[in-house]
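*Asks:* next one to model:
(chains A and B)
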Amino acid sequence: MAEGKGIQTKQKESLVDFLFPISAAIAVRSVSAAYSDFFDERVEFTSPIYSFERLKDGISMLEDNVDPFETKNMHFPPITLHLFRFLLNSARSLLLPLWIIIDVATALMTAKAAETIWERFHGEEETENMKRLVFILYAFNPITIVSTGILSLTVLQNFVFAAIFLFSVTDRPALCAVLIGAWSSFTIYPSILISCLVFRSNGSALRFMSLLLMSALSASAFIGINFVFNGNSLNFFESVYMSILNFTNIQPNVGLYWYFFVQIFEHFRSFYTSSFVILFFFMPIPITLMIRRDSILHFTIISLLVSIFFPYPTLNQVSVAFAILPLHEAYKKHFRYTILITGTIVTTIALMPVMWHMWMVSSSGNANFFFGATIVYNIALINLVMDMIFVYSRQQIDLEYKDTLKEKTKMDFAFY
Amino acid sequence: MPIEIAKDGGISRPKILDRILRLRKVALILAYVGAFFCSQWLFDPANMEVTRISEHSLMPGLVTPKFDKSGIAIQLYRKLSNLPKTKSQQQFIMDVFSEYGLQCYTQKWKSTVAGYPMKGENVYGFVRGHRNDGAEAQLIVVQLGKSEVARRMISRMLAFIDYARDQVYWSRDFVIVFVDGEDNNATKEKAAFALDAFLLKYQKIESLNAKKSKNKIVIADEIQSQTGALIAGVVYDLSGISVKGQHIVNIQTNGLNGQQVNLDVFNGVVKIADSKHHSKVSIFGTMHRHTNPYMSFSPFTVPILAVYTQAFVSIEGIHSVMGKYGVQGLTIGLSYDYSERQTGQFIEEVSRMLNNVLERLHQSYFMYVLSDDMHFSSIGFYSITLGILICPLLISAYYECKKRWAWNPVFSYFVSHFIGFAIYFISTWIYKNIGTEIVLQYNFPFVGIEGCPGQLTPSYDTAIIFIIVTCFPIGLIYFLQNPVPDQYVPNIRVLCLTEAALILSCTGLINYGLGVLSAGSAVPIVILMTYESSQRARSLYRSGVLCLLSPLAVILLFAWNIPGIFGGLIPTKSYNSFSEVPTEIIHTMIKNDVVFGSWHFFLFCCAAWPIWTMLFACSLPYDLEVDQGDENEDEPRPKRKPKAVKQD
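*Replies:* Next up, the predicted model:
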């Protein structure tokens, strides 16, 4: 009983401690909404899959009894269109508060997950500091603030990612499987997160298969709901899913592919499309086979891969992954390119609007300028992933050969 | 080197970086000296690129002109001079267009900005090109006015329109706009605003996004008729002069926020002036050395003026707003002594050139610094100077990064930026909705002493309040009372250095003048304030100096000491009183931000002021343990003892 009281007091104190940062996070998000006119036109924050303006276009079509999927550029599943149609018609003014609550809840969930991980091996004060750090990194990241202000759907994606992460570290794999399946029914790519459940299967293939099945059932259920909402028609498949797998809606974004598919000859298209898709869905296999002893690192790598190789990404997609980076402090001394990667990411994010201005507004640049910034940004993210794989291997060497290694033993590695 | 980066799991650094870091103490001096000599070499016309004809449209411009409506121009001038009081210039122009059988409309506009209460009426008409498919058009702009110069220009333009409508070779329509505004320099901004109102409606910017209408700064009539996309625009006036029979054409090229007209358009106009009219060209109001036989100029006069004008003069001429709408615009100040025939022929030649210009002018020629009418430096060369200036910031940032310090997000850094943004937001909101003066009334109801609302209560100039708020060293007070923990100081240093470097380089990419001139003053301040200090006296001294070096004070320092160069920004009479110059600077910045969309005020509030405030967190601490650890590391390594040579 006394222990229970102690836990209650701790929770209350924790919430009070977070009261000021939470209020500040809500305030800055409200202010950013005042500039939504400016930001919702920025390609860094919106893409055809996550743009709320596009969603409103689709809802307008529904209102006018026009099939939104006839246009081929409506990438929202019917359930999203109908849900937001209901919200827009019944509580339009509550949308921004809802988005703010979801985003702050994402920050809190990420912080809670960090606390759960940290308290296993660290003291109370260190755990509290880590929790606060992770919260601040997400809640006061300018990219998450702006994305909330423009009602970007990436906010919902981050919420689901954070929930999957939290359920994963608190050992609720069934809920993780359901969420991964559900979210995969919207944008397909998060389905590779299913590989994270290997760590929650306790080495049992049967258990993993059952989690896979749950995930598949969840995805099927959502597709079924979409089918019903769409008047028992499957014509949304091409616009919603095939456009992601075929890279059909080529518009400038912060991703890797748009420029590539603008440049290539049409008869090579199917080859490259297949290659990229196979590469993406194949990647989790070697990574999971390699990183078998650290589920947090594995989750971070996979969530980064989902963002890097998604055809229509925005800057906000990596926000959860960035927020949980401090959790890898054990590997800190082995990271090789911390300054290089941080500097590159910050510089390219600053340069993207500049290059866009030079290309589109002042006409003093061309598409290469903007693409240059985005590809370097993605290379930095890929470097981060590779460095994470390296630090894991490096630590495994330390653990494996700790008896033979001396203090001054030096190991030379090739560039990668 | 790549193997070295990866050596021992990344713990050891490549030697080249260590060598660069050893130069840190002299990096600032080296950068300044390097940037100085580099610019001296780059901006010497002897080393600059020569303008070349890359547009096939120049030749049609050089074909013998045929304009022969001088008599009509003179008649129109007389009619315009003797207009009855009941008839406006707008009505007169409408009548002339009607006589010609051309479409012509008026557009009334009104500013919604409380601090910039302007209204007026534009007249615009169209000359349809016989060979045009309606896809493209060229813009011609003339300012209305009652002075003799303005009347002459209007009548000559109307005569040219009479000539142009008879020609069959036009493959682009003409959009001719007579913008409202007085006819002196002080009110060219009004004319620019009038052109902005026209282009806003012509380009259908508002209808693209209906949400923007709530933030609009102008209410204007819709455009009655439309033609194709505007590929280029020319503003004509008679601001050129003639010295001993030598005509001098005045050309202005700078747009808003560092935008410039395509070099091909400029080059074409210069070639027409030179080869067809034997006229010299003055750029930024200055003759360059090889065309000016009357006095000797430094070869760097024009580049310096080019950089300064690009940096600080938001509205150089009426054409400056065209860049906002993707229209290549420049102002041609024809010689006042040009005859009607010569003026008409000049306009004809420039129009022929634009009639044949390529669909999209090549992007290589938008970023340049002119040294005279035939030499320029392109971005690939002039950006070297900016890179050299920014280097010390990057070196120092890397040096701080390699220290063993605790990383933590500093909340005050975030708050300072938020306050900076709040200052920006409140100032622009007041200017837009209340005006330049505000009344502070705290008794309810808000009425004056005699019952008149606000009449007898003292009013305050918003600029004065802004100056007090932004010059008050809030950072010094805050960080004296709440010093940053020692282990986090390098953290703030890295943030300040990186942010300064990023903002300066990004600004320099878009607006080279602003980037390089800001770097010239900001880099030493940031470097010296983020440098380690081992003594309390030194820290206090430099913090005191930092108090005086607020961003506004730095601008003022230059404005007071180089009034000639800042003449475009501040009227000379302002120098009569102490407070007038900063007030004028602030008013101009806010006005240009709200009315025209200039970035100066935003950068001032949201970048310069927060960095200045956070620099106190770096300048105050001294004798830090985290610095000492690294100081020792920086010391030169003891030389190896020479191996003993065995002697037989």
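
*Asks:* my read: A:Leu88 touches A:Lys56, true?
*Replies:* Yes: using Cβ atoms under 8 Å, A:Leu88 makes contact with A:Lys56 at a distance of 7.3 Å. Placement of C-beta: from N, CA and C, glycine included.

*Asks:* could you report the neighbour count for B:Val63?
*Replies:* When neighbours are counted by other Cβ atoms under 10 Å in any protein chain shown, B:Val63 registers 12.

*Asks:* wait, it sits on B:Arg352?
*Replies:* Yes: between B:Val63 and B:Arg352 there is a contact under Cβ under 8 Å: 6.7 Å.

*Asks:* could you tell me the end-to-end distance of stretch A:177-197?
*Replies:* Length of stretch A:177-197, first residue to last, Cα to Cα, to the nearest Å: 8 Å.

*Asks:* now that stretch: how far from the chain's centre is it?
*Replies:* 12 Å (Cα atoms, centre = their mean, to the nearest Å).

*Asks:* next one: stretch A:27-35
*Replies:* 22 Å.

*Asks:* quick check: buried residues in that stretch?
*Replies:* If you call a residue buried by 16 or more other Cβ atoms under 10 Å in any protein chain shown, then stretch A:27-35 has these buried ones: A:Val28, A:Arg29, A:Ser32, A:Ala33.

*Asks:* of those residues, closest to chain B?
*Replies:* A:Val28 (7.0 Å; Cβ to the nearest Cβ).

*Asks:* please report phi then psi for A:Val268.
*Replies:* Careful, residue A:268 is Phe; it's not Val. Dihedral angles of A:Phe268 (phi, psi; degrees, to the nearest 10) stand at phi -90, psi -10.

*Asks:* count the neighbours of it for me.
*Replies:* 10.

*Asks:* for it, give me the pLDDT.
*Replies:* We note a pLDDT of 89 for A:Phe268 in this prediction.

*Asks:* distance-wise, check the closest residue to A:Asp294 other than its chain neighbours relative to chain B.
*Replies:* Closest residue to A:Asp294 apart from its sequence neighbours, by Cβ to Cβ, 6 or more residues apart in numbering or on different chains: A:Tyr392 at 6.3 Å. Distance, A:Tyr392 to chain B, using Cβ to the nearest Cβ, to the nearest Å: 12 Å.

*Asks:* for the helix or strand harbouring A:Tyr392, packing partners?
*Replies:* Taking DSSP states H and E as the criterion, A:Tyr392 maps to helix A:367-400. Secondary-structure packing of helix A:367-400 (3 or more Cβ pairs under 8 Å, 6 or more residues apart in numbering or on different chains; DSSP states H and E): helix A:257-263, helix A:284-290, helix A:295-308, helix A:338-356.

*Asks:* output the below-cut-off pLDDT ranges for chain B.
*Replies:* Across chain B, the ranges flagged by pLDDT under 70 are B:1-13, B:55, B:182-186, B:205-215, B:288-297, B:359-364, B:404-405, B:441-458, B:563-576, B:629-648.

*Asks:* which parts of it are strands?
*Replies:* All strands of chain B, identified by DSSP state E, fall at B:49-50, B:104-111, B:119-127, B:136-143, B:173-179, B:218-220, B:229-243, B:246-252, B:280-283, B:328-335, B:368-370, B:375-378, B:437-439, B:459-461.
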